[in-house]
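Colleague: could you look at this predicted model? Sequence included:
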Amino acid sequence: MQIGEPYATTTPGDLTDISAFILEDPIDTGATDPRFLFFAGRFLDAPHGTASPPDTGPLTVTSARLAHLILVESALAGNAAYDFAAEVNAVRSLEGMTPFGSQIAEQDMLIPERRVNLFLQGFRLHDHYRFGIPSDNWLPNSEAVTAPGTMFPITRTEILSNPNIN
């Protein structure tokens, strides 16, 4: 649960020093995805450690976006009851994004839609495994690469805060 590559340009060794957001929409290319800017901004602007709500970034358990993305995957799996483009466009229309037609392959559309719409909701690790996309943080000889599907018992926050963990 961090904002680092491939989401933003940061100072090497300091993932909290964000100089630019870089996650682009697969259809409306050339600019940072406005949905990502909204979710990242909402997370970064949340006051931390205050007594009045919100005292942390928002925690989304479920949403209309997630429901539509579940139906997108059902359509992709061949369930004729759902139309892939209609469900993707239901999510994209929430911010007036360019509708999906056949600009790119369906799988290539699903992955970035999940990445941006489920940002900081705890789905990213599973998506790395499901879609075979290694994280920039994974070392070549780590279990994440050598034994795909192994879940990390120690969170990134704990690793960063503990100098005894390599």
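Modeller: That came in fine, so what should we check first? Numbers count the residues shown, from 1 in each chain.
Colleague: shaky segments in the protein?
Modeller: Scanning the chain for pLDDT under 70 picks out 1-2, 15-16, 46-59, 150-153.
Colleague: show me where it has helices.
Modeller: Assigned by DSSP state H, the helices in the chain fall at 34-45, 64-76, 84-92, 106-117, 124-131, 143-146, 156-161.
Colleague: got the domain ranges for the chain?
Modeller: For the chain, the structural domains run 8-133, 140-166, going by automatic domain parsing.
Colleague: most tightly surrounded among those?
Modeller: Highest mean neighbour count of the domains of the chain: domain 8-133, a mean of 14 (counted as mean count of other Cβ atoms under 10 Å). Where you see a C-beta, it was placed from the backbone N, CA and C, and this is true even at glycine.
Colleague: please report the distance of the residue lying closest to residue 88 once chain neighbours are set aside from residue 23.
Modeller: Taking Cβ to Cβ, 6 or more residues apart in numbering, and ignoring the residues beside it in sequence, residue 88 has residue 100 as its nearest neighbour in space, at 4.6 Å. Using Cβ to Cβ, to the nearest Å, one obtains 17 Å as the distance from residue 100 to residue 23.
Colleague: do the same with residue 70
Modeller: 22 Å.
Colleague: the residue nearest to residue 88 contacts residue 109, doesn't it?
Modeller: Yes - between residue 100 and residue 109 there is a contact under Cβ atoms under 8 Å: 5.7 Å.
Colleague: pull up the overlap in contacts between those two.
Modeller: Listed as contacting both residue 100 and residue 109 by Cβ atoms under 8 Å, 6 or more residues apart in numbering are 27, 88.
Colleague: center of the chain, which residue is that?
Modeller: Of all residues in the chain, the one closest to the mean position by Cα atoms, centre = their mean is residue 115, 3.0 Å from it.
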